[in-house]
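A.B. asks: kindly return the folded structure for what I paste below:
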Amino acid sequence: LGFAQLDAVAAVVAQAGPNPIPIDQTATTDNVQVLLATLAERNSSASVANPSEGRKNFYIQNFNTTSDYLAWTILLPAAASYQPTVMLSASSGQQFSLSVNGSVAATFTATGGWQRQVAPNISRPAGSVVVKLARTGTLSGSAQIKSLELLRASDVSAYTTRVAAARANTTWLSQAKYGLMFQYGSWGFPAGGGAALPL
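C.D. replies: Numbering: from 1, shown residues only. Here you go, the predicted model:
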């Protein structure tokens with residue numbers, strides 16, 4: 001089957017977790033709202049990567065056509081403008097759109113590989129809102145989506161300042177002739193919870 005035929009038979013996978021997802025507008029730190037792609041409503045043709053490895057929230061793969069989409073129903077206490085950031089992997093030049101309640105609110109272009117792509121600010125009304133991510137334009141290759149992050153536009157400056165202040169000066173490390181590498185994954189904790197695995 002071609003992509004168009006697959007879209008015709010694809011079922012809809014319902015949003016998992018809270019529906020609508022409550023958005024906290026009172027936080028002044030830790031105020032980035034992360035909407036995981038694996039929890040979004042989507043076409044069944046777009047699938048979760050490596051679900052058998054215990055990575056329940058890894059990423060969505062096979063995001064191939066303009067009919068594929070991810071949609072999150074969220075609940076906003078008050079209307080606000082948000083800066084959206086999409087964590088995705090796609091070929092450079094591939095185009096995406098974000099819509100609010102069915103109307104396209106912003107478009108952006110991928111820069112290639114896994115990136116955090118900042119899209120233009122989008123305004124959202126108070127109440128239950130559906131935010132939808134889709135592909136647009138001329139398609140080339142597949143795309144993978146990890147998450148959509150929302151940060152109120154009025155909080156971006158303070159957030160950027162906090163991030164800059166938290167960064168350490170690593171000049172000494174670049175001059176030390178040695179490197180450090182840390183790796184953490186699903187193997188770092190038991191599948192059923194409980195105590196961490198011994199080192």
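A.B. asks: residues contacting the top helix by length along the chain, please?
C.D. replies: Identified as the longest helix of the chain according to DSSP state H is helix 156-166. Contacts to helix 156-166, defined as C-beta atoms under 8 Å, 6 or more residues apart in numbering, come from residues 28-29, 31-32, 83, 151. Heads up, the C-betas are built off the backbone N, CA and C, glycines and all.
A.B. asks: what's the answer for stretch 135-143, then?
C.D. replies: Identification of contacts with stretch 135-143 by C-beta under 8 Å, 6+ apart yields 61-66, 68, 88-91, 93-97, 107, 110.
A.B. asks: circling back to that earlier point, most surrounded residue in the contacts of helix 156-166?
C.D. replies: Neighbour tally across these (other C-beta atoms under 10 Å): the maximum, 20 neighbours, falls on Gln83.
A.B. asks: need the next SSE after the longest helix of the chain, C-terminal direction.
C.D. replies: Note on helix 156-166: by DSSP states H and E, the next helix or strand toward the C-terminus is helix 171-174.
A.B. asks: Leu173 contacts Leu180, doesn't it?
C.D. replies: Yes. With contact defined as C-beta atoms under 8 Å, Leu173 reaches Leu180; the gap is 7.2 Å.
A.B. asks: now restrict the contacts of stretch 135-143 to buried residues only.
C.D. replies: With burial judged by 16 or more other C-beta atoms under 10 Å, the buried subset of the contacts of stretch 135-143 is 61-66, 68, 88-90, 94-97, 110.
A.B. asks: from these, pick the one nearest Gly127.
C.D. replies: Of all those, Ser97 has the smallest distance to Gly127: 22.1 Å, by C-beta to C-beta.
A.B. asks: on that earlier part again, between Leu173 and Leu180, who's got more neighbours?
C.D. replies: Higher neighbour count among Leu173 and Leu180: Leu173, with 12 against 7, using other C-beta under 10 Å.
A.B. asks: quick one: contacts for the more buried one?
C.D. replies: Counted by C-beta under 8 Å, 6+ apart, Leu173 has contacts 179-180.
A.B. asks: from Gln183, how far out is it?
C.D. replies: Leu173 is 18 Å from Gln183, where distance means C-beta to C-beta, to the nearest Å.
A.B. asks: also Ser67?
C.D. replies: Ser67 is 37 Å from Gln183, by C-beta to C-beta.
A.B. asks: which residues are in contact with the one helix or strand Leu75 maps to?
C.D. replies: Using DSSP H and E, Leu75 falls within strand 69-76. By C-beta under 8 Å, 6+ apart, the residues outside strand 69-76 that reach it are 15, 19-23, 25, 33, 35, 37, 39-43, 46, 60, 63, 124-134, 145, 148.
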